[in-house]
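Engineer: Predicted model and sequence below, questions to follow.
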Amino acid sequence: MRVHFIAIGGSAMHNLALALHQKGYQVTGSDDAIFEPSKSRLDKKGLLPSVMGWNADRITTDLDAVILGMHAKKDNPELLKAQELGLKIYSYPEYLFEQSKNKTRVVIGGSHGKTTITSMILHVMHYHDREIDYMVGAQLEGFDTMVHLTHDNEFIVLEGDEYLSSPIDRRPKFHLYQPNIALISGIAWDHINVFPTYENYVEQFEEFVDLMKNGSILVYNEEDPEVKRIAEASTKPTRKHAYKVPEHSVENGKTFLETPEGAMPIEIFGKHNLSNMAGAKWICQHMGIDEDDFYEAIATFKGASKRLEKIAENEQTVIYKDFAHSPSKVEATTNAVAEQYSGRKIIACLELHTFSSLNPEFLKEYKGALDNADVAVVFYSLDAVELKGLEAISKEQIKEAFANDNLIIMTDPADFQSWLYEQELADVALLLMSSGNYGGLDFEKLVELI
């Protein structure tokens, strides 16, 4: 099989390219710019384009498939050539379905928790030497790539993103997978540039359930009212299994999970993560892992990369980095740290970095999200607002949206870094939430401070 990737350098795209190369496919690709770690990983396997940029001559009739990344534009010369030649053009999720249409597809959906739940499932399967195919949105310890495809494995676990499939395919990615087993973790309005109303966003999850295969299994978070409503209203012939936050306790900064064998210490914490764990347990049981084996494996799970990732700790201070940026994720993560370290001062720093988070109207969704922090900081880059072509937002608008009179707001990266480095961090839990890097924060220097 000869496959060409248009925009091979993306996080998801380059991992799929590596997976197909590992499977024995002949892979080529192009992009206008490729950054680390994609660049080194592609180069190591001989898949890095020798010249950056688009070249229609790369597209020939002997290609079996062209895979189109979101980074490419509709007028991309390679895409136009592929269309002219009548080649089969796939979006990323379309090609994953093509690779898994004869497998049992397990799809993890929801506005939050997808990566963590998928990671938990993969951790448990890896712990018990169960071979499965997968696609997950973060690099996991013990796994070479974020995508793994084989000819023979029975199961494939797919993280079901609700964002668009490609520049020429406006369907949400998770609508293309047609699950045999599915999970919905929670629904909180996101991607407002694509789904302009809350109702429109929720409709995507209703359709996701409708697109499940007949005789499938739906696992759902019954503590999320919208998820519960969708699951219970569905007339699709499926078996349904609800889950909720399991019984647990927190002692001296350690979380203990109640199991049939008694209290078991676990590495992760926070009600949202415990809820994720309950959902992962149901999925693993449907994949042939019994309850005792699940608990044995999950006790060693330390979390997905950038999801409440502990980056430094000493006797007096702990620092966490988290990908949280949407309002529900920010609130859940802040609350988790406040509960786990109830005897410490909580400093929570949030960077507004995404299209949604920098939208003046959407900002109102953050009301109360940082209330459980003793010191709450919001950082945003004026350049990022301008670069995204968004309406300017003021510090007053942000303070009003968060409904927090003590909120500290900064827009200059140097000022934010200086402020952070000057903080007294004894007896502190520091939480850094962002899908960016605060305008170039030196995390290593921060770690050295403690």
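Structural biologist: All right, it came through fine.

Engineer: Can you tell me how far the residue most central in space within the chain is from Lys306?
Structural biologist: Against the mean C-alpha coordinate of the chain, by C-alpha atoms, centre = their mean, the closest residue is Thr115 at 4.5 Å. The spacing between Thr115 and Lys306, counted by C-beta to C-beta, to the nearest Å, is 9 Å. In this view, the C-beta of every residue, glycine as well, is placed from N, C-alpha and C.

Engineer: Give me the common contacts of the two.
Structural biologist: 138, 323 (C-beta atoms under 8 Å, 6 or more residues apart in numbering).

Engineer: which stretches of the stretch 301-450 of the chain form strands?
Structural biologist: 309-313, 317-322, 345-352, 375-380, 408-410, 428-433 (DSSP state E, counting those that start in this stretch).

Engineer: Please apply the same query to the stretch 151-300 of the chain.
Structural biologist: Counting by DSSP E, counting those that start in this stretch, the strands of the stretch 151-300 of the chain are 155-160, 164-166, 169-172, 181-184, 216-221, 238-243, 248-251, 254-259, 262-266.

Engineer: Partner strands of the shortest one, with direction?
Structural biologist: By that I understand strand 164-166. Sheet partners assigned to strand 164-166 using DSSP bridges are listed as strand 169-172 (antiparallel).

Engineer: quick revisit: identify whichever of the strands of the stretch 301-450 of the chain lies nearest to Ile192.
Structural biologist: Proximity to Ile192 (C-beta to C-beta) singles out strand 345-352 among these, at 13.4 Å.

Engineer: and the angle for the helix or strand the residue nearest to the centre of the chain falls within with strand 155-160?
Structural biologist: In the assignment (DSSP states H and E), Thr115 maps to helix 114-127. Angle, helix 114-127 to strand 155-160, by axes from the mean of the first three to the mean of the last three C-alpha atoms, to 10 degrees: 160 degrees.

Engineer: Going forward, count from 53.
Structural biologist: All right, first residue 53 from here; so that's helix 166-179.

Engineer: In space, what's closest to Phe87 - neighbours in sequence excluded?
Structural biologist: Gly61 (6.9 Å; C-beta to C-beta, 6 or more residues apart in numbering).

Engineer: Tell me the secondary structure at the one you found.
Structural biologist: With DSSP: H, G, I helix; E, B strand; the rest coil as the basis, the three-state label of Gly61 is coil.

Engineer: phi, psi of it?
Structural biologist: phi -80, psi -10 (degrees, to the nearest 10).

Engineer: From the opening residue of stretch 103-116 to its closing one, how far?
Structural biologist: Using C-alpha to C-alpha, to the nearest Å, the end-to-end distance of stretch 103-116 comes out at 22 Å.

Engineer: List the buried residues for that stretch?
Structural biologist: The neighbour-count check on stretch 103-116 (16 or more other C-beta atoms under 10 Å) flags 106, 110-111, 115 as buried.

Engineer: Take those and lay them out in a markdown table including pLDDT and secondary structure.
Structural biologist: Formatted as a markdown table, those follow (pLDDT from 0 to 100; DSSP: H, G, I helix; E, B strand; the rest coil):
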| residue | pLDDT | secondary structure |
| --- | --- | --- |
| Trp106 | 98 | coil |
| Arg110 | 97 | helix |
| Ile111 | 98 | coil |
| Leu115 | 98 | coil |
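
Engineer: okay, among these, which ones form the most distant pair?
Structural biologist: Trp106 and Leu115, at 15.3 Å, using C-beta to C-beta across those.

Engineer: what comes into contact with the helix ranked longest in the chain?
Structural biologist: The single longest helix within the chain, with elements called by DSSP state H, is helix 323-338. Defining contact as C-beta under 8 Å, 6+ apart, one finds that helix 323-338 is touched by 158, 160, 164-165, 168-169, 172-173, 176-177, 209, 233, 235, 237, 269, 271, 273, 275, 293, 295-298, 300, 307, 309, 318, 320, 343, 346, 350, 355, 360, 384-385, 387-388, 391.

Engineer: Where does pLDDT dip in the chain?
Structural biologist: Within the chain, no stretch has pLDDT under 70.

Engineer: Skipping its backbone neighbours, what lies nearest Ile141 in space?
Structural biologist: Nearest to Ile141 is Val118, by C-beta to C-beta, 6+ apart, at 4.8 Å.

Engineer: what sits against that neighbour?
Structural biologist: Shown in contact with Val118 (C-beta under 8 Å, 6+ apart): 55-58, 111, 130-131, 134, 139-142.

Engineer: got it, and Leu137?
Structural biologist: Counting by C-beta under 8 Å, 6+ apart, the residues that Leu137 touches are 111-113.
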